[in-house]
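> sequence-free structure coming up:
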């Protein structure tokens, strides 16, 4: 029973769902509030959209020109002598990469991208206008068309200027300078070495090879033919051009990188969140995980609701439901979406309940069902019956082996003993990375979490062999946070500990327990039924195959043995095209992916949060 996920017991708003397909929550009579500018609304918005399509078209034309010799020669002919082509039409991979990248960041309405385009296209348009007043340029119709297209692009930029209000990171210029310098040196050195090794003409000077490499980095056409001492094969020219395009893309990424977010959770923010959880913490089993100190928090204008989130890879990733009064949730969601829009972050929510999904949908977000959370209602739980036979047998076998379980609040455990338990938990961890974001606290033994519940399992020799830690879920609930065990201990130890907790729940004042999250549970459940369709069976077989490496099906089976209530949880997003980014950001946040760190020059100093004090 590995790492867990979400829950909720507040009233649910029913909505039709189709297994494995998107879910759209729209209560009758309530129009959606769209995230970001509505497509086609207003002249400025249409002009901004037109600039994006211009850049996409030029990227496609440049790629076609690179792979098509006749088209490439035609473009280069019009870029030499008496002809000129529209803005960014150069038949090079560098130009294609630039146009494509600018289309992406312009679509995200980044102010820096608007300035960049205006600084390039504006002077170019003026140059074309001056050229058209002179012979022989004004005698060619194509030059007038190129100038008109470039001028139209500049006009569209000016008309849509108010739409581009997303800000960038303050460290971007330094990072772009470092990446540009380092990438140019490395790419130039590799390109020059390649040109030197493949040059078919003997006796070329180093300056000629450098000049050839520079010109080939700009274009694969006849531009570099002005260096007569060098003649490299076509494949070498393409590789040099690709190296240049890669360096250029890296510089562009550094220029337009989204901000990484403001300071993380401070002591004052944590106090406000704890106050909200004290009043509304029983609504969502994930509420307590908003107190992770690697998250930021944004409050509604009234201060009665908040959303905790982390910015990962340009994605503002929230988890669970908003904290606080549901009537104030829209204010917190508006504030969160406004901040995401201003910084060009893609907004996403992991593990939202159906109730929260309904509210988010009114703000323009769509949903996909991720899976279901296993919740054990103590009023309905029993070990009797044939369905619980496996759990009973595991419990009895472990108990006969001499294992015992001690259940305590964290505040009841002494510092020395807690340090020992934390050390054992670290030793039993599977891998070096502490995983968790939406359903893990990540700070076992912190003094501020005294109300958390610790289950310590010891063997017949009184040695610790396993740990379970639960965070509070309101006054009468627990939500699984941490699960660790010695790999050499008895099989069924987790089942034994869970049953021991459930059997003592009444004396502990516990009425419900949230266990693990089972991703795609409905697929496994319905895919194995008689009459399941071919698509569902194929999807089930695919997930079963990948369960060999990731605990997908086994997690569902481990939860199902307790006969829990299943509460659906959803992924919420603004645009379907952002789902791949959101998936990568979620994997990074949960600790499944660890990208290489950026150079120290690129790291923007985060404002240190005020020191967190122990809870009184």
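That came in fine, so what should we check first? These numbers come from a predicted model, not from an experiment.
> how about low-confidence regions in the stretch 451-600 of the chain?
521-533, 535-536, 539-540, 543-556, 593-600 (pLDDT under 70).
> and with 50 instead?
Counting by pLDDT under 50, the stretch 451-600 of the chain has low-confidence residues at 598-600.
> which residues in it form strands?
Along the stretch 451-600 of the chain, counting by DSSP state E, counting those that start in this stretch, strands occupy 453-458, 464-472, 477-485, 512-519, 565-573.
> Which of those sits closest to residue 44?
strand 565-573 (25.4 Å; Cβ to Cβ). Yep, even glycine has a C-beta here, placed from its N, CA and C like the rest.
> still on that earlier bit, make a markdown table from the strands of the stretch 451-600 of the chain and add mean neighbour count to it.
Below are the strands of the stretch 451-600 of the chain laid out as a markdown table (neighbours: other Cβ atoms under 10 Å):
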| stretch | mean neighbour count |
| --- | --- |
| strand 453-458 | 21 |
| strand 464-472 | 23 |
| strand 477-485 | 24 |
| strand 512-519 | 26 |
| strand 565-573 | 23 |
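> Save those strands as TSV, and put in distance to residue 351 too.
As requested, those are exported to TSV (distance: least, Cβ to Cβ, whole Å):
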stretch	distance to residue 351
strand 453-458	21
strand 464-472	15
strand 477-485	12
strand 512-519	7
strand 565-573	5
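> which one of those lies closest to residue 142?
Here strand 565-573 is closest among the strands of the stretch 451-600 of the chain (Cβ to Cβ), at 43.9 Å.
> all strands of the stretch 1-150 of the chain, in order?
Counting by DSSP E, counting those that start in this stretch, the strands of the stretch 1-150 of the chain are 22-23.
> Pass me the low-pLDDT residue ranges in it, would you?
Ranges of the stretch 1-150 of the chain meeting pLDDT under 50: 1-40.
> And for the stretch 301-450 of the chain?
For the stretch 301-450 of the chain (pLDDT under 50), the answer is none.
> For it, just list every one of the helices.
Remark: helices assigned in the stretch 301-450 of the chain by DSSP state H, counting those that start in this stretch are 329-342, 354-361, 389-400, 415-428.
> The first one vs helix 354-361, what angle?
I take that to be helix 329-342. Interaxial angle, helix 329-342 versus helix 354-361 (axes from the mean of the first three to the mean of the last three Cα atoms, to 10 degrees): 50 degrees.
> If you count neighbours, what's buried in helix 329-342?
For helix 329-342, the neighbour count (16 or more other Cβ atoms under 10 Å) marks 329-333, 335-337, 339-341 as buried.
> what's the closest of those to residue 51?
Nearest to residue 51 among the buried residues of helix 329-342, with distances taken as Cβ to Cβ, is residue 341, at 18.2 Å.
> could you measure the closest one against residue 356, distance?
20 Å (Cβ to Cβ, to the nearest Å).
> Of all the strands of the stretch 451-600 of the chain, which one is nearest residue 134?
With respect to residue 134, and counting by Cβ to Cβ, the nearest of the strands of the stretch 451-600 of the chain is strand 565-573 at 52.9 Å.
> Partner strands of that closest one, with direction?
Next to strand 565-573 in the sheet, as set by DSSP bridges, lie strand 346-352 (antiparallel), strand 366-377 (antiparallel).
> All the helices of the stretch 1-150 of the chain, residue numbers only.
Remark: helices assigned in the stretch 1-150 of the chain by DSSP H, counting those that start in this stretch are 43-67, 69-78, 93-107, 111-131, 141-159.
> and the angle from the fourth one to helix 329-342?
The reference is to helix 111-131. Going by the same axes, to 10 degrees, helix 111-131 makes 40 degrees with helix 329-342.
> ok so, going back, now render the helices of the stretch 1-150 of the chain as JSON lines, adding distance to residue 199 and mean neighbour count.
Formatted as JSON lines, those follow (distance: least, Cβ to Cβ, whole Å; neighbours: other Cβ atoms under 10 Å):
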{"stretch": "helix 43-67", "distance to residue 199": "22", "mean neighbour count": "19"}
{"stretch": "helix 69-78", "distance to residue 199": "22", "mean neighbour count": "16"}
{"stretch": "helix 93-107", "distance to residue 199": "21", "mean neighbour count": "23"}
{"stretch": "helix 111-131", "distance to residue 199": "33", "mean neighbour count": "17"}
{"stretch": "helix 141-159", "distance to residue 199": "35", "mean neighbour count": "18"}
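> list the buried ones in the top helix by length along the chain?
Secondary structure of the chain per DSSP state H: the longest helix is helix 172-198. Buried residues in helix 172-198, counting neighbours by 16+ other Cβ under 10 Å, are found at 172, 175-176, 178-180, 183-184, 187-188, 191-192, 194-196, 198.
> Need the max-distance pair from the buried residues of helix 329-342.
Going by Cβ to Cβ, the pair spanning the buried residues of helix 329-342 furthest: 329 and 341, at 18.2 Å.
> if we can go back for a sec, just name the most buried of the helices of the stretch 301-450 of the chain.
helix 354-361 (a mean of 24; mean count of other Cβ atoms under 10 Å).
> That one - contacts with which helices or strands?
The contact analysis (3 or more Cβ pairs under 8 Å, 6 or more residues apart in numbering; DSSP states H and E) places helix 354-361 against helix 329-342, strand 346-352, strand 366-377, strand 565-573.
> among the ones you listed, which is nearest residue 426?
Comparing the helices and strands packed on helix 354-361 by Cβ to Cβ, strand 346-352 comes nearest, at 25.5 Å.
> now that closest one against strand 512-519, angle please.
For strand 346-352 against strand 512-519, the angle by the same axes, to 10 degrees is 130 degrees.
> hang on, the earlier thing: so can I have CSV of the helices of the stretch 301-450 of the chain showing distance to residue 282?
CSV is the format used below for those (distance: least, Cβ to Cβ, whole Å):
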stretch, distance to residue 282
helix 329-342, 16
helix 354-361, 13
helix 389-400, 27
helix 415-428, 27
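> and residue 463, which of the ones you listed is closest to it?
With Cβ to Cβ as the measure, helix 415-428 is the member of the helices of the stretch 301-450 of the chain nearest residue 463 (9.5 Å).
> Determine the angle, from 0 to 180 degrees, between the closest one and strand 477-485.
Relative orientation of helix 415-428 and strand 477-485, computed by the same axes, to 10 degrees: 60 degrees.
> Leaving out the residues flanking it, which one is nearest to residue 51?
Counting by Cβ to Cβ, 6 or more residues apart in numbering, the nearest residue to residue 51 once its immediate chain neighbours are dropped is residue 156, at 4.9 Å.
> list the contacts for the one you found?
47-48, 50-51, 54 (Cβ atoms under 8 Å, 6 or more residues apart in numbering).
> I'd assumed residue 570 was in contact with residue 354.
Yes: counting by Cβ atoms under 8 Å, residue 354 does reach residue 570; the two are 7.2 Å apart.
> Backbone torsions only: list them for the residue lying closest to residue 205 once chain neighbours are set aside.
Distances taken as Cβ to Cβ, 6+ apart put residue 229 closest to residue 205, at 6.7 Å, once the chain neighbours are dropped. Main-chain torsions, residue 229, degrees, to the nearest 10: phi -80, psi -10.
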